[in-house]
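K.L.:
what's the 3D shape of this:
(one chain, ligands or ions: 1)
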Amino acid sequence: MPLDFRANVSRRIDERADELVELARELIRIPTVNPPGDAYTPCAEFIGARLARRDFAVRFERGTGAPGDNERYPRTNVIARKEGHGRGPCVHFNSHIDVVPAGHGWSLDPFAGELRDGRLYGRGSSDMKGGLAASIIALEAILDEGVRFPGALELSGTVDEESGGFGGVGYLAERGFFSRPRVDHVIIPEPLNVDRVCIGHRGVWWAKIETHGRIAHGSMPFLGNCAVRHMGAVLERIEQNLIPRLAQKHTRMPVVPEGAKRSTINLNSIHGGLGEDYEGLPSPLVPDSCRMVIDRRYLIEETPEEVRQEIVELLETLKRERPGFAYSLSEVLHFRPTLTDAEAPVVRAVSAEIERVLGRPAQQVVSPGTYDQKHVVRTGLLKDCIAYGPGILDLAHQPDEYVLIADMVASAKVMAGAALRLLGVIAP
Ligand SMILES: [Zn+2]
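P.N.:
Numbers count the residues shown, from 1 in each chain. Reported below is the predicted structural model:
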């Protein structure tokens, strides 16, 4: 019987629980708020310097030309790679370093990393600096145990996940960083709860609808054609016809929470008339334009063509029925649903380690919203990708966000065990 690497690595992680918490706190204290994309470079350098001390080869890749990238807010990503002994697979842990703005309603400082009752508070504690810290400690524990492994261990800290990931994983995936043979298995420590493996996400289609009218004096609206009233008719159809139809569509994808097992639409924003351009001062005009952005989340059973066609039909019906109705429709953003095979190696490895560490079976779930997996799967063409991390899904983007210290420690053990399985150091 060889040395029980896994037990020894787990013991090391337990011994380093305080260090894990300290690392997560230090990350929370770097305010990588997006937008605008603050402090990316110091955060990437902090991660790089830490892993360089364990002899990782560290490189920085700036998402030059990506949305938001400029000299003041460079989109700095870090990739750290440790080669093993001989040929073998590469296991990659990818975390986004950006956090959403703190917003209102906090009862403590969102960037202090305060500890209370076994919880670490702060913006990004759950989403996802707690997961990033856990993955760093997991890799360090493997290396410090002196485990000889084939292949490679890799970790990246990437930017802009909260705004689509184009300067982060999207940028890197286009340049081959998330493709074979460079990388084989990817674990993204997003906050999906400590005992769940996230195997995919629903699709997303954002579109802009504009209704057109004709400008006229506000005292004689009958001489114009009101674009806002036309948009009102669009809203009514969405309310009366579309939303009930979407609620009928159920998916076999194991989406959480329950409400997201159906198709959904959010009316993201609506603007009509000239007020918005004139500092809110009203102008006595019949509005000739009204614009609305819709956020449609769709299921793997639906096709993007169907999703678009539903909206087109709704608008075309109004065009036939309403005098003076004219519209334009444009796509703002589109990502198809993704679903990793439940039997894929990374799913099996992480599920088995969850059961071993937590003593209960892992739950396989699908995320209601997209995350960087889309770039790995669609652009990198790498299917062996999941999300697994210690954060609590419902707390992401909320005031008083926190992560449980016990969950960070448990997830680090799961990540280390899964990496050892995927590398073939312990039996899969
Ligand atoms: Zn996240």
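
K.L.:
which SS state does the one residue sitting closest to the centre of the chain fall under?
P.N.:
When the chain is reduced to its mean C-alpha position, the nearest residue by CA atoms, centre = their mean turns out to be Tyr371, at 2.7 Å. State at Tyr371, reduced to three classes by DSSP: H, G, I helix; E, B strand; the rest coil: coil.

K.L.:
residues contacting the residue nearest to it when sequence neighbours are not counted?
P.N.:
Leaving aside its sequence neighbours, Tyr371 sits nearest to Glu190 (CB to CB, 6 or more residues apart in numbering; 5.5 Å). Every residue, glycine included, has its C-beta placed from N, CA and C. Each residue near Glu190 by CB atoms under 8 Å, 6 or more residues apart in numbering is listed here: Asp127, Met128, Gly131, Cys198, Ser367, Tyr371, Ala387, Tyr388, Gly389, Gly391.

K.L.:
taking those one by one, which sit in strands?
P.N.:
Among the contacts of Glu190, the members falling in strands (DSSP state E) are Cys198, Ser367, Ala387.

K.L.:
Tell me which residues touch the last one, please.
P.N.:
With contact set as CB under 8 Å, 6+ apart, Ala387 has these partners: Ile187, Ile188, Pro189, Glu190, Leu192, Val197, Cys198, Ser367, Tyr371, Gln373.

K.L.:
Pull stretch 133-150 out as CSV, backbone CA atoms only.
P.N.:
Listed in CSV are the C-alpha atoms of stretch 133-150, where the atom choice follows Å, rounded to 0.1, in the frame of the first residue of the first chain:
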residue,chain,number,x,y,z
ALA,A,133,-8.4,30.9,-2.0
ALA,A,134,-9.6,27.3,-1.5
SER,A,135,-8.2,26.2,-4.8
ILE,A,136,-4.8,27.9,-4.1
ILE,A,137,-4.5,26.1,-0.8
ALA,A,138,-5.5,22.8,-2.4
LEU,A,139,-2.7,23.0,-4.9
GLU,A,140,-0.2,24.2,-2.4
ALA,A,141,-1.1,21.3,-0.1
ILE,A,142,-0.5,18.8,-3.0
LEU,A,143,2.9,20.3,-3.8
ASP,A,144,4.0,20.5,-0.1
GLU,A,145,3.1,16.9,0.4
GLY,A,146,5.7,16.2,-2.3
VAL,A,147,3.2,14.2,-4.4
ARG,A,148,4.8,13.2,-7.7
PHE,A,149,2.3,13.6,-10.5
PRO,A,150,2.3,13.4,-14.3
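
K.L.:
Could you report the neighbour count for the residue of the chain found nearest the ion?
P.N.:
Closest to the ion within the chain is Asp127: 4.1 Å, counting by CB to the ion. Using other CB atoms under 10 Å, Asp127 is surrounded by 28 other residues.
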